[in-house]
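*Asks:* kindly generate the corresponding structure for this input.
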Amino acid sequence: METQNPHKQNFRAKEAAEYLGISKSCIWLYAKQGRLHPIKLSPRITVGSSKL
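*Replies:* Next up, the predicted model:
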């Protein structure tokens, strides 16, 4: 695994979950609740922005 960069702009769900110390299902729950704002890059790639 690569070193985590706290200044990284976008995170995949797995990276965000590891960084925040929560499960991937919590990431998607927070997105559904509007607490996180996912960005759709393509039909199969979604990232979350650290700029809220």
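*Asks:* the closest residue to L41 other than its chain neighbours: neighbour count?
*Replies:* Closest residue in space to L41, ignoring its immediate chain neighbours: V47 at 6.1 Å, by CB to CB, 6 or more residues apart in numbering. Backbone N, C-alpha and C define where each C-beta goes, glycine included. Number of residues near V47 (other CB atoms under 10 Å) recorded here: 16.
*Asks:* show me where the chain has its helices.
*Replies:* Ranges of helices within the chain are 13-20, 24-33, based on DSSP state H.
*Asks:* go ahead and confirm the residue nearest to L41 touches R12.
*Replies:* Yes. Applying CB atoms under 8 Å, one finds V47 in contact with R12, separated by 5.9 Å.
*Asks:* any regions of the chain where pLDDT drops low?
*Replies:* For the chain, the stretches flagged by pLDDT under 70 are 1-6, 50-52.
*Asks:* contacts only, for G48.
*Replies:* With contact set as CB atoms under 8 Å, 6 or more residues apart in numbering, G48 has these partners: N10, F11, A13, A16, I27, A31, L36, H37, P38, I39.
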